[in-house]
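Novice: sharing a model that was predicted from the sequence below.
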Amino acid sequence: MSRTVVLAYSGGLDTSVCVKWLGEHGYRVVAFMANVGQGEPSAKAVARAKAAGASRVVVRDLRREFVTDYCWPALQAHAVYEGKYLLATALSRPLIAAHLVDVAHRLRASAVAHGCTGKGNDQVRFEVTVRTLDPRLEVLAPVRGWEFTSREQEIDYAKRHGIPIDVSKRSPYSIDQNLWGTSIESGALEDPGTEPPADTYRSIRPPERAARAPAYVTVGFSRGVPTTLNGTPCGPVALVERLNRLGGAHGIGRADLIESRVVGIKSREVYEAPAGTILLEAHQELERLVLDRELLQFKQGVAADYARLVYAGLWLTPLKRALDAFVRETQRRATGAVRLKLFKGTCRVVGRRSPHSLYRERLATYSARDEFDQRAAEGFIKLYGLPYEGSGSD
Ligand code: ARG
């Protein structure tokens, strides 16, 4: 009896060749396709997996789970890697890996496989997550060790084995897409000194060609979860989709980043995350309004650590869980609405309100209604500066 392997299948060249290759190396191959908002897995992709020899294709719609269980916690944590990357690809990997393991268990497979290369972060995310969930599963990564040394050789192999590959549709870039964003790399982007060409714009219009008039949008949050757009309740997937469209039309959410990969190299990638960028601006502003100074500033440090863990594939680790518990606790007050103005690549908060607002106009005002006791400031400053008196001349 041959062993069964469940392969994380994208429909692209690498994973299609993986199906055949694994078959030739003695495995019964089940292709697993996750819909995380990269577009519905097409009938063509399913047919391609079958043509390559998959005994079965399992498709799961994971969009809702992705948004509520992965994007929302990252949003609440303000997880942004190295100051720019909203982690769209990184967030999807532990979800896909968890389902890969689940499918493997249901089908009594002894192995799982992915089509990542040995140079990237995704192999780390997939494998660490799989091993965390079930160390007994064998993990296969054919691309890391197989005989092909170029795309052309893979295309040849596919042709020889009757795997229908659409070579004409091939983009000069490597692109990974989901609801939270698009990651674009390689091709002309490999020269970090070159401006990203126009054809790297995927879901976003270049700001110079963005809508001429500004748009306003109000995002409503309930305990840190985005729940309304312009006052109307909106489900998680629809909310992200709508903000992606709106933000994209206004040129919002591009980033061009030289990033530090887990495996030690620097790489250059362009990111698009219109919805994430708008939601992050809004959520950060809501917290500025409702969190006290100590909590707000402490949480900024947590954000950087949280982003590092997500990036490094440590989604299911004890530290990440502990940070989740902290972030969850901070969201008790994060209810309210934030109004933003979108215009030619910029997204600016123009208004915010919350039932838990810590802003007191009677204390902040410079008008006659001022209730702040200015005389109390004198004693406060004396004691506050006491430890340092005279030390400036030491
Ligand atoms: N560098 C990003 C990350 O490590 C994205 C990786 C996938 N990118 C791609 N264009 N296929 O999360």
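Specialist: Yep, that arrived.

Novice: and after whichever strand or helix holds residue 339, which helix or strand comes next?
Specialist: Per DSSP states H and E: residue 339 is located in strand 336-343. Using DSSP H and E, the helix or strand that follows strand 336-343 towards the C-terminus is strand 346-353.

Novice: can you give me how far that following strand is from the chain middle?
Specialist: How far strand 346-353 lies from its chain's middle: 22 Å, per C-alpha atoms, centre = their mean, to the nearest Å.

Novice: can you pull out the helices in the stretch 101-250 of the chain?
Specialist: According to DSSP state H, counting those that start in this stretch, the stretch 101-250 of the chain carries its helices in the segments 122-133, 142-145, 151-160, 236-249.

Novice: quick one: the second one near the ligand?
Specialist: No - Helix 142-145 stays clear of the ligand (C-beta under 6 Å from any ligand atom), getting no nearer than 12.6 Å. Any C-beta I mention is one placed from the backbone N, CA and C, and that applies to glycine too.

Novice: show me what contacts residue 170?
Specialist: Neighbouring residues of residue 170 by C-beta atoms under 8 Å, 6 or more residues apart in numbering: residue 13.

Novice: tell me which parts of the chain are close to the ligand?
Specialist: 89-90, 121-122, 174-176, 183-185, 269.

Novice: now rank the residues you listed by neighbours and give me the top one.
Specialist: Neighbours were tallied for each of the residues of the chain next to the ligand (criterion: other C-beta atoms under 10 Å), and the maximum of 27 neighbours falls on residue 90.

Novice: mind showing which ranges of the stretch 51-200 of the chain have poor pLDDT?
Specialist: Counting by pLDDT under 70, the low-confidence segments of the stretch 51-200 of the chain come to 168-169.

Novice: that one: strands as residue ranges?
Specialist: Residue ranges of the strands in the stretch 51-200 of the chain, as given by DSSP state E, counting those that start in this stretch, are 56-61, 111-113, 138-140, 174-178, 181-185.

Novice: and the ones you listed: which comes nearest residue 279?
Specialist: Evaluated with C-beta to C-beta, the strands of the stretch 51-200 of the chain place strand 181-185 nearest to residue 279, the distance being 11.4 Å.

Novice: mind listing residues that contact the closest one?
Specialist: By C-beta under 8 Å, 6+ apart, strand 181-185 touches 86, 88-89, 173-177, 196, 200, 202-203, 253, 267-273, 276.

Novice: rerun that using 6 Å as the cut-off
Specialist: With contact meaning C-beta atoms under 6 Å, 6 or more residues apart in numbering, strand 181-185 is reached by 86, 88-89, 173-176, 200, 202-203, 269-273, 276.

Novice: what is the helix or strand where residue 267 lies packed up against?
Specialist: Applying DSSP H and E as the criterion places residue 267 in strand 266-272. Strand 266-272 sits against strand 181-185, strand 254-260, with contacts defined as 3 or more C-beta pairs under 6 Å, 6 or more residues apart in numbering; DSSP states H and E.

Novice: got the buried residues for the last one?
Specialist: When burial is assessed from 16 or more other C-beta atoms under 10 Å, strand 254-260 yields the following buried residues: 254-255, 257, 259.

Novice: before we move on, what about stretch 289-303?
Specialist: Going by neighbour count (16+ other C-beta under 10 Å), the buried part of stretch 289-303 is 289-291, 296, 299, 302-303.

Novice: related to what we said a few turns ago, what's the closest of the residues of the chain next to the ligand to residue 323?
Specialist: Of all the residues of the chain next to the ligand, the one with the least separation from residue 323 (C-beta to C-beta) is residue 90, at 15.1 Å.

Novice: tell me which of the helices of the stretch 101-250 of the chain sits nearest to residue 334.
Specialist: The minimum distance between residue 334 and the helices of the stretch 101-250 of the chain falls on helix 236-249, with 15.9 Å, by C-beta to C-beta.

Novice: quick one: the closest one to strand 181-185, angle?
Specialist: 50 degrees (axes from the mean of the first three to the mean of the last three C-alpha atoms, to 10 degrees).

Novice: packing partners for helix 236-249?
Specialist: Under the contact criterion of 3+ C-beta pairs under 6 Å, 6+ apart, helix 236-249 touches helix 274-290.

Novice: which strands or helices does the helix or strand just after the helix it packs on pack on?
Specialist: Towards the C-terminus, the helix or strand next in line after helix 274-290, according to DSSP H and E, is helix 293-311. Contacts of helix 293-311 with other secondary structure elements, assessed using 3+ C-beta pairs under 6 Å, 6+ apart, are made with helix 318-330.

Novice: the same query, at a cut-off of 8 Å, please.
Specialist: Helices and strands touching helix 293-311, as assessed by 3 or more C-beta pairs under 8 Å, 6 or more residues apart in numbering; DSSP states H and E, comprise helix 72-77, helix 88-106, helix 274-290, helix 318-330.

Novice: distance between that helix and the chain's centre?
Specialist: Going by C-alpha atoms, centre = their mean, where helix 293-311 is centred and where its chain is centred differ by 16 Å.

Novice: sorry, back to before: tell me which two of the buried residues of stretch 289-303 sit farthest apart.
Specialist: With C-beta to C-beta as the measure, no two of the buried residues of stretch 289-303 lie farther apart than 289 and 302, at 18.7 Å.

Novice: possible to save the buried residues of strand 254-260 as TSV with distance to residue 138 and pLDDT?
Specialist: Shown next, in TSV, are these (distance: C-beta to C-beta, whole Å; pLDDT from 0 to 100):
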residue	distance to residue 138	pLDDT
254	40	98
255	37	98
257	34	98
259	31	98
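
Novice: can you redo the residues you listed as TSV with distance to residue 61?
Specialist: Below are those laid out as TSV (distance: C-beta to C-beta, whole Å):
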residue	distance to residue 61
254	28
255	28
257	30
259	30
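
Novice: residue 150: which of those is nearest?
Specialist: residue 259 (25.4 Å).

Novice: ok, now which ones touch the closest one?
Specialist: Under the contact definition (C-beta under 8 Å, 6+ apart), the residues listed for residue 259 are 81-82, 84-85, 266-269.
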